[in-house]
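heads up, no residue letters with this:
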């Protein structure tokens, strides 16, 4: 019994002595700490997610109190309101930062990206990525084993069994970046959070050429550059066969969505623009427009004819004598043609001049014969009546050549 009591008293004495020694040691070597650190830690959300770059909220609070410039520090979970409250308490200026949300940049669903093999190893993206490219022909796409889901501390990501891709709930996402670090393919990206959860982004990270991409995935970016030509704000660039939309420059005009031939540009929270103002429809209008001017000259032709018709109508309105004048010119033209046939008649005329020179005297009274005149009047009969005065002159000239024929 005495041994038991002695043991108990000895242990109590040692305990008291150790406590006194520890007390004086703690007082001697204690570290002075700013009491504001505790207050700042209480203002932080306490998620200890590591999104700020520190191990926990305590490290973030310590940095906020000790640093003079806190513009580089930001708590993604607390957001801008939390940082403003801490800055006002510490008497410092906090930089404003736009809210962000995690975005899965892969559109290779089970339907658009068929499987080419089966993986039987550990269901982990990190393990599968270290072994080979994956179950599909795309070496850049999501593996679909859910490492990002396990890394999210806010239950903001879940796997969709129909598509085989992760989906982010923007209302729950705090942009801590844990899922970004957990993804071995770097498919998840923190992007600007638009009002009403709207977004426009390229849901592809493949850097292969267009033909290779289309064989592996029907929803991949082929780097055609059509979206770059349409964008009026310079928000889209194509590098390494891959288009990228800068969220800081994008104005959500949605023109690039209609231009993408493969549907790699995804639109969230908005309806696409109507398809009428497409680029192919615009050139169609100029093609039909020139057709109208072509038809216009055709329509002008009758108008020109109408103008000529009045001119022709005006000519008859003039005195009738001019009509006869042009008509008279026709026989004149015929007279010129008549000498062509005249050589046949002139041949006997030449012979007659040599044979009976004295016979010219009896030929004088026979000049006005009626038989010669009808022959000359035949062309005149075919012409208008107004041509009679001009037609009589050739009638007198022709019989002169015909007289020697009878005498011979």
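Everything's here; your move. These numbers were taken from a predicted model, which means no experiment stands behind them.

now residue 102, what are its backbone angles?
Dihedral pair for residue 102: phi -70, psi 140, per degrees, to the nearest 10.

just give the number of residues close to it.
Applying other CB atoms under 10 Å, we find 26 other residues in the vicinity of residue 102. C-beta: built from backbone N, CA, C; applies to glycine.

ok, residue 63 next?
Neighbour tally, residue 63, other CB under 10 Å: 17.

check contacts around it.
Going by CB atoms under 8 Å, 6 or more residues apart in numbering, residue 63 touches 54, 70, 73.

that one - that's part of a helix, no?
Yes. Counting by DSSP: H, G, I helix; E, B strand; the rest coil, residue 63 is found in a helix.

per-residue confidence for residue 84?
Confidence at residue 84, expressed as pLDDT, is 91.

no no, residue 157
Predicted confidence (pLDDT) for residue 157: 95.

distance check, it against residue 147.
Using CB to CB, to the nearest Å, residue 157 is found at 10 Å from residue 147.

helix, strand or coil for residue 244?
Applying three-state DSSP: residue 244 is strand.

again, but for residue 258
What three-state DSSP gives for residue 258 is helix.

so what's the closest residue to residue 231 other than its chain neighbours up against?
Leaving aside its sequence neighbours, residue 231 sits nearest to residue 256 (CB to CB, 6 or more residues apart in numbering; 5.8 Å). Contact analysis of residue 256 by CB under 8 Å, 6+ apart lists 200, 227, 230-231, 236, 245, 265.

got it, and residue 224?
Counting by CB under 8 Å, 6+ apart, residue 224 has contacts 210, 261.

shift numbering so it begins at 859
In the new numbering, first residue 859, that becomes residue 1082.

Validate this expectation: it resides in a strand.
No. With three-state DSSP as the criterion, residue 1082 is assigned coil and is not in a strand.

tell me which stretches of the stretch 909-1058 of the chain form strands.
958-962, 1015-1017, 1024-1026, 1046-1050, 1057-1060 (DSSP state E, counting those that start in this stretch).

can you add distance to residue 1099 and give those strands back as JSON lines?
Listed next are the strands of the stretch 909-1058 of the chain as JSON lines, based on distance: least, CB to CB, whole Å:
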{"stretch": "strand 958-962", "distance to residue 1099": "20"}
{"stretch": "strand 1015-1017", "distance to residue 1099": "28"}
{"stretch": "strand 1024-1026", "distance to residue 1099": "24"}
{"stretch": "strand 1046-1050", "distance to residue 1099": "18"}
{"stretch": "strand 1057-1060", "distance to residue 1099": "12"}
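
these: which one's closest to residue 876?
Nearest to residue 876 among the strands of the stretch 909-1058 of the chain is strand 1015-1017; the distance by CB to CB comes to 50.8 Å.

partner strands of that closest one, with direction?
Strand 1015-1017 has the following strand partners under DSSP bridges: strand 1024-1026 (antiparallel).

picking up where we left off before, out of the contacts of residue 1114, which is nearest to residue 976?
When these are compared for distance to residue 976 (CB to CB), residue 1123 wins out at 31.3 Å.

from what I see, that closest one and residue 1088 are in contact.
No. Residue 1123 is beyond contact range of residue 1088, at 10.5 Å (criterion: CB atoms under 8 Å).

who's more crowded, the two?
residue 1123 (22 against 18).

hey, what's that one bridged with?
Assigned bridge partners for residue 1123, using DSSP bridges, are residue 1060.

state the pLDDT value of it.
Looking at residue 1123, its pLDDT is 95.

gap between the residue nearest to residue 1089 and residue 1097?
Distance of residue 1114 to residue 1097, computed by CB to CB: 16 Å.

show me the contacts for residue 925.
residue 931.

distance check, it against residue 1011.
Taking CB to CB, one finds residue 925 at 26 Å from residue 1011.

can you tell me which of the contacts of residue 1114 is nearest residue 1041?
Nearest to residue 1041 among those, with distances taken as CB to CB, is residue 1103, at 19.4 Å.

looks like that closest one contacts residue 1096 (just checking).
No. Counting by CB under 8 Å, residue 1103 stays clear of residue 1096, with 10.8 Å between them.

great, nothing more from me.
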